[in-house]
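**Q** what's the 3D shape of this:
(one chain, ligands or ions: 1)
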Amino acid sequence: MHPSRRDFLKIGTIGGLAASVLGFDLAPAYAQLRTLKIARATETRSTCPYCSVSCGVLIYSIGDKAKNVTPQVIHVEGDPDHPINRGTLCPKGASLEQDILNERRITKPQVRRPGSDHWEDIGWDDAMNEIAQRVKKTRDATFIEKDAAGHSVNRLESIAWTGGCTDTNEFNYLVVKAMRSLGVVHLENQARV
Ligand code: SF4
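**A** Here you go, the predicted model:
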């Protein structure tokens with residue numbers, strides 16, 4: 001049997017009427033279905049990382065936070081209390097769970113050496129040390145104290161900073177302080193949080 005759209009609507013309407021006439025209230029059942037998935041989950045507020053709109057998201061994970069337990073993300077949805085999106089997400093943001101639970105997601109620093117054709121893993125301490133050494137070497141070699149007319153400018157044009165939409169006001173405040181102290185003039189950020 002291949003029910004038409006009209007048949008489907010008839011069946012649905014009759015089913016709804018029968019439930020009403022016989023006194024069944026399906027609302028608690030639907031509510032139960034809704035709550036079961038996240039009933040024992042931990043709710044974490046976060047920000048969609050994809051674009052500068054910076055929609056708020058709720059990330060639900062399970063795990064009792066014991067040392068030998070790895071938390072598992074089970075659901076992501078829009079945050080209804082967030083002033084930017086009020087619970088809504090665009091299709092890209094709605095697929096955020098697939099970004100988190102993705103075997104291709106990079107979770108540690110990597111470096112591609114000059115002349116190399118591939119990226120290699122590097123420890124966090126080594127990555128920080130290498131970045132610090134390169135920043136110092138670049139700044140020492142290219143810092144501009146005076147412009148062509150002899151005016152003091154004390155600026156660094158060879159290093160730039162770019163930030164993401166999940167960077168907070170507090171984080172960006174520190175970024176600007178740190179970058180300006182080095183003389184960096186090229187700063188950009190798409191954050192709205
Ligand atoms: S949900 Fe969509 S609009 Fe909102 S921040 Fe993510 S990508 Fe941008």
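
**Q** Return the set of buried residues in the longest strand seen in the chain.
**A** Longest strand in the chain, counting residues (DSSP state E): strand 152-163. Neighbour-count burial for strand 152-163, counted by 16 or more other CB atoms under 10 Å, picks out 155-156, 159, 161. No exception for glycine: its C-beta is placed from N, CA and C like everyone else's.

**Q** for the next helix or strand after that strand, which positions count as buried?
**A** Sequence-wise, the next helix or strand downstream of strand 152-163 (DSSP states H and E) is helix 169-182. By 16+ other CB under 10 Å, the buried positions in helix 169-182 come out as 172, 175, 179, 182.

**Q** what pLDDT does the last one get?
**A** Spelled out, it's L182. pLDDT recorded at L182 is 97.

**Q** same deal with R86?
**A** 96.

**Q** what does the one 10 residues further on give?
**A** Predicted confidence (pLDDT) at L96: the value is 94.

**Q** can you check V193 too?
**A** 69.

**Q** what's the spacing between the helix or strand hosting S46 and its chain's center?
**A** S46 is part of strand 42-47 when elements are defined by DSSP H and E. Averaged C-alpha coordinates place strand 42-47 at 11 Å from its chain's average position (CA atoms, centre = their mean, to the nearest Å).

**Q** what about it, near the ligand?
**A** No - Strand 42-47 does not reach the ligand (CB under 6 Å from any ligand atom); its nearest approach is 7.4 Å.
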